[in-house]
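Enquirer: okay, sequence plus prediction incoming.
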Amino acid sequence: MPANMTMHSYVGCPFCLRTYFTAVHLGLPVKFVWITDFAVCRTQEYLNINPAGKVPILVTDNGFITESNVIMRYLSELATKQGFAGRNLFERAQVDEWLEYASNTSLSNSYYGATGIK
């Protein structure tokens, strides 16, 4: 497990919230940096961390990971005792099925449409 993990998240973003809930549920030592003004994601300082200027982003000793589903899967794989990522191939497929469903719902369109964030 990386010694340092920092998650940059935007307050109220459902994609950020699901990575937060995953980390908390698994009891992982993730430091959260909550962004309240999306303009922060366009600053050079933030773009040096994440050139795409998106949230969430998990910064680790090994590098950074973006995309909420990938972050949740990574965190779940770190905390193997809980079996949150699935304890066998079939359960992993069920987890992937849920993540695909969550990714393909209208969640992103409704969130980004309502906030005006692109």
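Expert: Received the coordinates, thanks.
Enquirer: find the centremost residue of this protein, please.
Expert: Ser68 (3.3 Å; CA atoms, centre = their mean).
Enquirer: against Gly53, how distant is it?
Expert: 15 Å (CB to CB, to the nearest Å). Every residue, glycine included, has its C-beta placed from N, CA and C.
Enquirer: shouldn't Ile57 be in contact with Ser68?
Expert: No. Using CB atoms under 8 Å as the test, Ile57 is too far from Ser68 to be in contact (10.0 Å).
Enquirer: low-confidence regions, the protein specifically.
Expert: Applying pLDDT under 70 to the chain picks out residues 106-118.
Enquirer: chain center to the biggest helix by length in the chain, what's the gap?
Expert: Of all the segments of type helix in the chain, defined by DSSP state H, the longest one is helix 89-104. Average the C-alpha atoms of helix 89-104, do the same for its chain, and the two points are 16 Å apart (CA atoms, centre = their mean, to the nearest Å).
Enquirer: got the buried residues for that helix?
Expert: Neighbour-count burial for helix 89-104, counted by 16 or more other CB atoms under 10 Å, picks out Val95, Leu99, Ala102.
Enquirer: could these go into CSV alongside distance to Asp37?
Expert: Output for the buried residues of helix 89-104, formatted as CSV (distance: CB to CB, whole Å):
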residue, distance to Asp37
Val95, 34
Leu99, 29
Ala102, 27
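Enquirer: next, the closest residue to Trp34 other than its chain neighbours: phi, psi?
Expert: Spatially, and ignoring its direct neighbours in sequence, Trp34 is nearest to Val11 (5.3 Å; CB to CB, 6 or more residues apart in numbering). Val11 adopts backbone torsions of phi -60, psi 130, taken as degrees, to the nearest 10.
Enquirer: isn't Val11 up against Phe38?
Expert: No. Taking contacts as CB under 8 Å, Val11 lies outside contact range of Phe38: 9.6 Å.
Enquirer: distance of Ala79 from Lys54?
Expert: Applying CB to CB, one obtains 24 Å for the distance of Ala79 from Lys54.
Enquirer: do Ser68 as well
Expert: For Ser68, the distance to Lys54 equals 10 Å [CB to CB].
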